[in-house]
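Trainee: I would like to see how this sequence folds:
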Amino acid sequence: MNRPGPRLFFTGMALACTALLGFGYYLEFVKHLDPCPMCIFQRLSYFAIVVVGVIGALHAPRGLFATFYTGLIVLAAGVGAGVAGRQTWLQHLPADRVPECGPGLEFMLEQYPLAEVIKKALRGSGECAAVDWTFLTLSIAEWSLICFVGLIIASGAWWRLRPRGAG
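Mentor: You can find the predicted model right below:
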């Protein structure tokens with residue numbers, strides 16, 4: 001069984017994440033749903049996959065480079081899945097256990113060092129636990145988690161099904 005060539009695989013990854021980012025911006029600018037800090041970190045993970053996908057599509061890597069680029073996609077998707085999983089967990093906490101809302105990401109970036117901003121944002125806050133939109137009963141964070149896991153599975157399948165001797 002052969003896998004799609006590297007150009008097709010990496011283009012597909014970039015296009016899938018571009019579509020997901022586009023939908024996120026649609027929800028933000030058309031439906032007026034402001035993203036919380038955890039949503040922003042998930043967007044950064046999708047953006048990282050777009051960048052690696054575009055570079056991979058242009059390079060059409062074989063061998064070690066194909067493994068390296070695929071590993072970067074899995075790493076970015078793993079980080080995104082971790083953040084989405086944490087946000088999903090926050091969304092399922094009882095109301096009395098949800099952390100209080102904190103300052104926005106823009107304010108934190110102006111006031112704190114980057115390491116502190118990342119630490120505070122990943123801890124989550126009340127705004128990250130809010131569910132403002134659902135589709136088929138799943139929140140944005142839950143859909144994002146599913147998408148990140150799907151990207152990891154697709155990457156693993158593509159890498160695993162490679163022809164022997166090609167990477």
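Trainee: which regions of this protein lie under the pLDDT threshold?
Mentor: 1-4, 95-109, 111-112, 117-129, 134, 162-167 (pLDDT under 70).
Trainee: could you pull out the strands in it for me?
Mentor: 134-135, 138-139 (DSSP state E).
Trainee: can you count the residues close to A19?
Mentor: Neighbourhood size, A19 [other CB atoms under 10 Å]: 12. Backbone N, C-alpha and C define where each C-beta goes, glycine included.
Trainee: how far away is it from C36?
Mentor: According to CB to CB, to the nearest Å, A19 and C36 sit 21 Å apart.
Trainee: just to revisit the earlier point, please identify the deepest-packed of the strands of the chain.
Mentor: strand 138-139 (a mean of 18; mean count of other CB atoms under 10 Å).
Trainee: now do that strand: distance to the chain's middle.
Mentor: 15 Å (CA atoms, centre = their mean, to the nearest Å).
Trainee: strand partners of it, parallel vs antiparallel please.
Mentor: strand 134-135 (antiparallel) (DSSP bridges).
Trainee: now the strands of the chain in CSV, with distance to G12?
Mentor: Output for the strands of the chain, formatted as CSV (distance: least, CB to CB, whole Å):
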stretch, distance to G12
strand 134-135, 22
strand 138-139, 23
